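*Asks:* Build the 3D model from these lines:
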Amino acid sequence: MSSTFVGARVRAVRAVADEVRQVELVPDDGARAYPPGSHLDLALEIDGLPVVRSYSVVGAAPEDGAYRIAVKLLPDSRGGSRRVHGLAAGDRLELRHPTSHFELDPRRPGYLLVAGGIGITPLVGMAEVLARQQDRTGAPVRLAYAGRRRAGMPFVDHLRGVLGDAVVTAAGENGERLDLAAEISGLHPDGEVYVCGPPRLTDAVRACWAEQGRPARRLRTETFGTAGRHPTEAFDVEVRDHGLTVHVPRDRTLLAALHDAGVEMVWDCLRGECGLCTVGVLGVVGKAPVVDHRDVFLDAAEQDESTRLCACVSRAVGGLLTIDTGFRP
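*Replies:* Purely as a prediction, here's the structure:
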C-alpha cells in the first residue's frame, strides 16, 4: 500500500451505538481492497499540532467505494475521537490507504475472536471473511464481545446476522462477564485467537491462554496503546534539566504540556509506538505514585522498571513526576 497521504471526502456520518459514530471516507484516487484487520491513518490537527491517528477499517471490503471507520468518543481522548466526531458529510481531509499489522491466517482449523468495547472494529471484517469460508473449510468461528453497556456496543446485530449463535456478548452494567477460560478451552488445539481491546482484556486472554498451555504464536493481538490501566487525572512534572515544573491537565498529554511550556521535544508518531519522545524518569513523589504506561514501544520489563516513559501517551497517577528530557545546554 502507498505510504503517502491522499485527499478524501467524508461521504456520510451516522451513529452506530451510544457515543460511537461511523464515518464513510471516499479517497480521491479510489478505495482499494485490504485484508481484514486493517487500519487506515488520518492526518489531523489537534491542539495546534499535526498528528496522525490510526483507525481500524470496518468490514471486509470497501462499501460503494468508501472506507468505513467507527470511532468512540472517549473522555480521555488525546483529541482524535473529538476531531472525528466533529466531522460532517462533505468535509475534506487526508488519509493513508489501509494496511495491516493484524493479519488473519485463513488456514487454521478454528478461530476465536475476542473484542472489548470499540476493539470490535477490526474483528467485524474478520468475522465476515471467516463466516464465508466456513462452508468451504468447516473451521468453526466464535466471537466473544464485552462492553460496559449494551447500548455502547456497535455491530452486535450485524455480527449475529453473520455468525448466528456463535456470538456471545457480556455487558458489564448487567453484571455479565466473558468466560474466557471456557471459550479458549473450546477452541481447536491448533486454532487461533484474535484479540482487540483494552489492556485488562488482553492481559486476561493472555493469562488464560498460557494457563491452558497454548502456543504463544497462536495468540494475535491488536495494540490498544493508549487505553491506560488507570483513570486519567491531572498531574505535575518537575522537568529537572529545564529547572521548571509543568502542570499536565487531564485533557492534555505530557508531550503537549511540555510543548506549551516551551520545552523542545523530538516526536513523530504520537501513538506511543516510535519511542522518539521518551524521557527519563528520575523519580515520583506522592502517595502510591504510579507511572501509567500507555505505549507499545517499551516492553513489559521496561515498563515495570519505569525508568523511561513515552511522553506522547503515558502519564503519572497520584504524585509528582520528575523527568529528564535529555536537554543539555
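*Asks:* Just give the number of residues close to Ala137.
*Replies:* Not quite, residue 137 is Thr, not Ala. Under the neighbour criterion other C-beta atoms under 10 Å, Thr137 is assigned a count of 13. The C-beta positions use only the backbone N, C-alpha and C, and glycine is treated the same way.
*Asks:* From Arg108, how far out is it?
*Replies:* For Thr137, the distance to Arg108 (C-beta to C-beta, to the nearest Å) stands at 9 Å.
*Asks:* pLDDT below threshold where in the stretch 201-329 of the chain?
*Replies:* Along the stretch 201-329 of the chain, the parts satisfying pLDDT under 70 run over 223-227, 284-289.
*Asks:* Start from the N-terminal end of it and give the helices.
*Replies:* Secondary structure of the stretch 201-329 of the chain by DSSP state H, counting those that start in this stretch: the helices cover 254-260, 300-305.
*Asks:* For stretch 267-275, what is the distance to the chain centroid?
*Replies:* When distances are taken as C-alpha atoms, centre = their mean, to the nearest Å, stretch 267-275 is centred 14 Å away from the chain's centroid.
*Asks:* Give me the buried positions along it.
*Replies:* For stretch 267-275, burial by neighbour count (16 or more other C-beta atoms under 10 Å) applies to Trp267, Cys269, Leu270, Arg271, Gly272, Glu273, Cys274, Gly275.
*Asks:* repeat for stretch 65-85
*Replies:* By 16+ other C-beta under 10 Å, the buried positions in stretch 65-85 come out as 66-72, 74, 77-81, 83-85.
*Asks:* Those residues: which two are farthest apart?
*Replies:* Across the buried residues of stretch 65-85, no pair lies farther apart than Ala66 and Arg78, at 25.8 Å, counting by C-beta to C-beta.
*Asks:* For Gly30, which non-adjacent residue is closest in space?
*Replies:* Gly65 (6.7 Å; C-beta to C-beta, 6 or more residues apart in numbering).
*Asks:* ok, now Arg82?
*Replies:* With sequence-adjacent residues excluded and distances taken as C-beta to C-beta, 6+ apart, Arg82 is closest to Leu73, at 6.9 Å.
*Asks:* my guess is the one you found meets His85, correct?
*Replies:* Yes: look at Leu73 against His85 with C-beta atoms under 8 Å: they come within range, at 5.0 Å.
*Asks:* what do these two both touch?
*Replies:* Overlap of the contact sets of Leu73 and His85 (by C-beta atoms under 8 Å, 6 or more residues apart in numbering) consists of Arg21.
*Asks:* Show only the entries of the buried residues of stretch 65-85 found in helices.
*Replies:* When DSSP state H defines the helices, the subset of the buried residues of stretch 65-85 inside them is Gly80, Ser81, Arg83, Val84, His85.
*Asks:* what separates the last one from Ile184, distance-wise?
*Replies:* When distance is defined by C-beta to C-beta, His85 is 35 Å away from Ile184.
*Asks:* Scan this structure for its longest strand.
*Replies:* As far as residue count goes, and with DSSP state E defining each element, the longest strand of the chain is strand 6-17.
*Asks:* Walk me through which strands that one pairs with, and which way each runs.
*Replies:* Each strand that strand 6-17 pairs with, and the sense of that pairing, follows from DSSP bridges: strand 20-27 (antiparallel), strand 92-99 (antiparallel).
*Asks:* Below-threshold pLDDT in the stretch 51-200 of the chain: ranges please.
*Replies:* Judged against pLDDT under 70, the low-scoring parts of the stretch 51-200 of the chain cover residues 76-78.
*Asks:* where do the strands sit along it?
*Replies:* For the stretch 51-200 of the chain, the strands identified by DSSP state E, counting those that start in this stretch occupy 67-72, 92-99, 111-116, 141-147, 167-171, 192-196, in order along the chain.
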